[in-house]
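Trainee: Please work out how this folds:
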Amino acid sequence: MKPTILLAEDDPGDALLLELALGKALEDVSLRSVRDGREVLDYLQGRGHFADRDRFPVPGIIILDLKLPVLDGFEVIAWVRAEPQFMQLPIIVLTGSDDPTDMKRALGLGANCCCLKPSSPDDLRELVKELGENCGDLIQR
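Mentor: Numbers count the residues shown, from 1 in each chain. Alright, predicted model coming up:
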């Protein structure tokens, strides 16, 4: 079974660009997307329509936007790190916020790394390529 990446991004345009870039850079992974923090928790717990683990396998990594509706990325990180079965689940934060306190807070809560969302598709492809090279071992778990 392919490793799964869970992408949590509420902006449909950003989600599409990330999905395309991740699909090209990491061909041997399965990508699942959610649009808010509550869906991240539902997906991880296999609740609701995420109960089918054949269609929605437990991810090997989360790529998380901080400014999500319902529950924000900070709340998601805190919840994930408090759950014994997910404590070691890698979390990569991609945020549009260039506020250094946001990144420090996310890292303090337990994110593995924080990156500023690139503003151009070329920069996004380069970032995803770097994530694949530098975080590939996390994804393959």
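Trainee: Would you map the strands across the protein?
Mentor: 4-8, 30-34, 61-64, 91-95, 113-116 (DSSP state E).
Trainee: Pull up the pairing partners for the third one, direction included.
Mentor: To tie it back to what came earlier, the one meant is strand 61-64. Within its sheet, strand 61-64 is paired with strand 4-8 (parallel), strand 91-95 (parallel), according to DSSP bridges.
Trainee: Same list (the ones you listed) but as JSON lines, adding distance to Pro84, mean neighbour count and mean pLDDT.
Mentor: (C-beta placed from N, C-alpha, C; glycine too.) Listed next are those as JSON lines, based on distance: least, CB to CB, whole Å; neighbours: other CB atoms under 10 Å; pLDDT from 0 to 100:
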{"stretch": "strand 4-8", "distance to Pro84": "18", "mean neighbour count": "23", "mean pLDDT": "95"}
{"stretch": "strand 91-95", "distance to Pro84": "16", "mean neighbour count": "23", "mean pLDDT": "93"}
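Trainee: now those strands in a markdown table, with distance to Ile63?
Mentor: Output for the strands paired with strand 61-64, formatted as a markdown table (distance: least, CB to CB, whole Å):
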| stretch | distance to Ile63 |
| --- | --- |
| strand 4-8 | 5 |
| strand 91-95 | 5 |
